[in-house]
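> need a structure here:
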Amino acid sequence: MYSPLIIGNNIDKWSSAPGNFRLEYHSVDEVRQAVKHFSSLVDYQEVKKGDKWAVAKAVISKRDASKSYKDTLVVAERRWVQNERILCAFDFRYWESRYCYIKDDAGRTVVMNPWKSQDIYLDITAEMEEEKIAIKEQILKGRQLGLSRRISNMMLHRMIFRRNRNGYVASSNEEKTGKLFDMYDFSLAHLPFWMRPDETSRRENQILELGNGSAITLQHGAQSTGIARGDTPTDAHISEVAEFDEPEKIIESAILEAMHSDPSLFLALEGTAEGQGNWWHDTWKSSKAGWPERRSMLRPIFLPWFVGGLHPDEHWLHRHPVPVNYATTMLPWAETHAKAAALYVNRTDYLRKHLGSTWQMPIEQIWHYECRRDEMIRKGRLNKFLQEHP
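Got it, this is the predicted structure:
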């Protein structure tokens, strides 16, 4: 579902099977028009409980109120729905770019348009899928790279299009887990009714069970027992790991022991670097040392601050314009940082693939880095800046 090679093979295999048809890709505009058309065929309502969206329910077919909407579709309409559901199940990128709605930085509801950092991460995950190995990752990152968002999309996709998945979602405390799950809930609520699975049970801040047998359980890093203790998860997204109270008990002795090595498994541990000599740091060193020879459980993935799409954005640059003569007046440590970043990109295969072997840090990013770091030096918070802009 992530590797173009595997996606293509699955589509060809399905399309060539007796009784099936050739799956067809549709543009964003075509999908938007079709969704609008199908919505016009039924009466349904979006139900909002408190600050959380609940799943919209299709209730009455406008063509024949005595029948399910499915029974009133013509052949071409049924073919469209079947095409989209099967194609989305095979191809995560297609689903995300057509049907996965999120809130952007301005609070607008928009379809997902991934950043470079998010595509780099997905490509790494696709490599593991092609190897037919369990996807188990330790992701060390800068802030505002959009990885929590993309991993949330991937987890939601797995819950919707795979049956009987046992998913876990956790952040460092209950409030942050709730905010993380809001990403899932918002995108789920904005799926067209013919793609959204029924909810069979929902317990606030605990579990969401779907009609296809899949479920998402919410836990957090301040709880007294380990995540998924006594259970066997198939999928897990654990965020802000460096902030967990007792990660040895909550993660190491619990969910890491509960998730085995089946190729269908997905586990993403993600967070920034916070301090040295703690569990997150020690696990990173172990993963980095052991993974090349496959002697570690987790694949280490490091994404530096400059591969995201937010630092700096156009609004920051409007407030802080780059000086005309900045190329000749930048501080020496800023220039050194830019050169080190270029060297790191050139030596790192997954960054070189996306940014190019001749990549150089844009002058706008150097200016942003110099301004932000200089400000944090004046405030005595350089350590905090470095952990969020690695």
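> how many residues are close by residue 387?
Counted with other Cβ atoms under 10 Å, residues neighbouring residue 387 total 15. Quick note: C-beta positions are derived from backbone N, CA and C, even for glycine.
> the helix or strand hosting it: which residues count as buried?
Under the criterion of DSSP states H and E, residue 387 resides in helix 382-388. By 16 or more other Cβ atoms under 10 Å, the buried positions in helix 382-388 come out as 385, 388.
> over to stretch 118-131?
By neighbour count with 16+ other Cβ under 10 Å, stretch 118-131 contains the buried residues 118, 120-122, 124-126, 128-129.
> could you list which of these belong to strands?
Within these, no residue falls in strands by DSSP state E.
> just give me the closest of the residues you listed to residue 9.
Nearest to residue 9 among these is residue 129, at 11.7 Å by Cβ to Cβ.
> shaky segments in the stretch 101-250 of the chain?
Along the stretch 101-250 of the chain, the parts satisfying pLDDT under 70 run over 205.
> give me the three-state assignment for the residue of the chain most remote from its centre.
For the chain, the residue at maximal distance from the C-alpha centroid (Cα atoms, centre = their mean) is residue 66, at 40.5 Å. Here residue 66 is recorded as coil under DSSP: H, G, I helix; E, B strand; the rest coil.
> can you read off the pLDDT for it?
Among the per-residue scores, residue 66 holds a pLDDT of 84.
> hmm, back to that, got the CA coordinates for the helix holding residue 387 in CSV?
Provided in CSV are the C-alpha atoms of helix 382-388 (Å, rounded to 0.1, in the frame of the first residue of the first chain):
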residue,chain,number,x,y,z
LEU,A,382,19.8,27.2,23.2
ASN,A,383,19.4,23.6,24.3
LYS,A,384,15.7,23.7,23.7
PHE,A,385,16.2,25.2,20.2
LEU,A,386,18.7,22.5,19.3
GLN,A,387,16.4,19.6,20.2
GLU,A,388,13.7,21.0,18.1
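> what residues does it touch?
Residues outside helix 382-388 that contact it (Cβ atoms under 8 Å, 6 or more residues apart in numbering) are 142-143, 272-274, 305, 372-373, 376.
> which one of those residues sits closest to residue 245?
The nearest member of the contacts of helix 382-388 to residue 245, counting by Cβ to Cβ, is residue 274 at 13.1 Å.
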